[in-house]
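Trainee: Here's a sequence, model it:
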Amino acid sequence: MTEQRIEEVIIRRMERRDVHSVYAIDVQSFTLPWSERSYIYDLEQNPAARSWVAELPEDDREPKIIGMIVMWLIIDEAHIGTIAVHPEYRRRGIGRKLLQVALNEAKESGAEYVYLEVRRTNLAAQSLYQNLGFKQVGVRPRYYQDNNEDALLLTLEEW
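Mentor: Numbering: from 1, shown residues only. Okay, the predicted model is just below:
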């Protein structure tokens, strides 16, 4: 897969037909994946939720879902609930593209702050967030139930 091919990635709203692929990425990415039902709830019943996928066009097949992000907008705050890229496509700018789409919508919707939690040991994600201007504002002790790892609370106030 060349960098030029990755430029063809399309970011679009998540649809119910995407949930199985999104869930598969979640399972490959996290030790505590969301359930498929959680994604469906956000798509169909949660008015605060905004969800996108990154898809890669395939020449003779359906496009391949290679990333996803879910954000919740609550009054003047946006919260990144989850973001992941398929392991085969990481470190190619796809996560950044997904996050930028979400940040643009947050701004257009009047959000003044964006929050997210990230594992203390997830240095790759922390680097992405810091490069986009997120700052650490706190720690949520023992946030992750699988191993009691702390979460760093990050916020973005100007973008």
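
Trainee: Just the strands from this protein, written as ranges.
Mentor: 10-13, 49-56, 64-74, 77-85, 113-119, 135-144, 149-156 (DSSP state E).

Trainee: Out of the ones you listed, which gets nearest to P33?
Mentor: Nearest to P33, of all these, is strand 77-85, at 8.9 Å by C-beta to C-beta. The way it works is simple: take the backbone N, C-alpha and C, and place the C-beta from them, glycine included.

Trainee: List of residues touching the closest one?
Mentor: Outside strand 77-85, the residues that touch it by C-beta atoms under 8 Å, 6 or more residues apart in numbering are 25-26, 28-30, 34, 42, 49, 54, 66-72, 94-95, 98-99, 102-103, 106, 109, 111-116.

Trainee: Point out where the chain drops to low pLDDT.
Mentor: For the chain, the stretches flagged by pLDDT under 70 are 1-6.

Trainee: For it, identify the residue most remote from the centre.
Mentor: Computed with C-alpha atoms, centre = their mean, the residue of the chain farthest from its C-alpha average is D60, at 27.8 Å.

Trainee: who does the residue sitting nearest the centre point of the chain bridge with?
Mentor: Residue closest to the mean C-alpha point of the chain, counted by C-alpha atoms, centre = their mean, is I83 at 1.9 Å. Here I83 sits in beta bridges with I69, going by DSSP bridges.
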